[in-house]
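Asker: test case, fold it:
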Amino acid sequence: MFPPRFASAALGALILLGAMGSAVAAEHIVKMLNIDPDDPERQMVFEPEILFIAPGDTVTFVPTDKGHNAATKRGMLPDGAEPWNGAIDEEISVTLTVPGTYGYVCLPHLEMGMVGLILVGDYTVNFEDARKVRQIGRARTVFRDLFSSVLAKDAP
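Answerer: You can find the predicted model right below:
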């Protein structure tokens with residue numbers, strides 16, 4: 001047993017550890033798919049395309065179908081955030097600690113519109129800057145729709 005003077009310190013440490021355990025970061029899965037399960041007319045998609053997470057959460061991109069990767073889109077990261085670039089057909093996990101808007105793509109299918117958004121904590125810090133990044137091919141339309149969806153969700 002602890003001497004009485006250490007007992008309160010030990011109890012305090014246990015309480016602190018318990019409180020920290022309740023703030024465990026979440027893990028999220030994003031599937032890389034050839035066909036949208038909800039709309040078979042849509043090909044080359046991430047599922048989900050938009051993800052709202054807390055700082056410190058981990059996102060794992062799973063190549064459910066072959067031929068895909070996940071990589072950050074240049075200009076669509078908050079200041080201080082680390083970019084990522086997964087290999088084709090390989091699972092990649094990223095822990096996002098910097099609040100903001102993260103745009104990501106499948107490099108082989110970027111022009112086909114295989115893109116997504118991760119919104120971390122106060123994602124507004126770079127939302128408008130990310131929204132203004134120039135896009136190519138179908139990625140232009142898909143990113144526009146994703147940003148519009150986020151804006152509609154936040155509308156009163």
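Asker: can you give me the helices in the protein?
Answerer: Taking DSSP state H to define them, one finds helices in the chain at 4-21, 127-131, 137-154.
Asker: what's the weakest-modelled helix or strand in the chain?
Answerer: Sorting the helices and strands of the chain by mean pLDDT, DSSP states H and E puts helix 4-21 at the bottom, at a mean of 41.
Asker: report the buried residues of stretch 149-156.
Answerer: Within stretch 149-156, the residues scored as buried using 16 or more other Cβ atoms under 10 Å are Val150. (Glycine included, C-beta is placed from N, CA and C.)
Asker: need the CA coordinates for that stretch. CSV is fine.
Answerer: Taking Å, rounded to 0.1, in the frame of the first residue of the first chain, the C-alpha atoms of stretch 149-156 are listed here in CSV:
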residue,chain,number,x,y,z
SER,A,149,-22.7,19.9,-49.9
VAL,A,150,-20.6,21.1,-46.9
LEU,A,151,-21.9,24.6,-47.3
ALA,A,152,-25.5,23.3,-47.5
LYS,A,153,-25.0,21.3,-44.3
ASP,A,154,-23.8,24.4,-42.4
ALA,A,155,-26.6,26.6,-43.7
PRO,A,156,-29.1,27.6,-41.0
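Asker: what separates that stretch from the chain centre, distance-wise?
Answerer: Taking Cα atoms, centre = their mean, to the nearest Å, one finds the center of stretch 149-156 at 18 Å from the center of the full chain.
Asker: quick one, strands of the chain?
Answerer: Secondary structure of the chain (DSSP state E): strands at 27-36, 39-47, 50-53, 57-62, 71-72, 92-96, 100-105, 115-120.
Asker: low-confidence stretches in the protein?
Answerer: 1-23, 155-156 (pLDDT under 70).
Asker: name the nearest residue to the residue most central in space within it, sequence neighbours excluded.
Answerer: For the chain, the residue nearest the mean C-alpha position is Ile118 (3.5 Å; Cα atoms, centre = their mean). Excluding the flanking residues, the one nearest Ile118 by Cβ to Cβ, 6 or more residues apart in numbering is Tyr102, at 4.3 Å.
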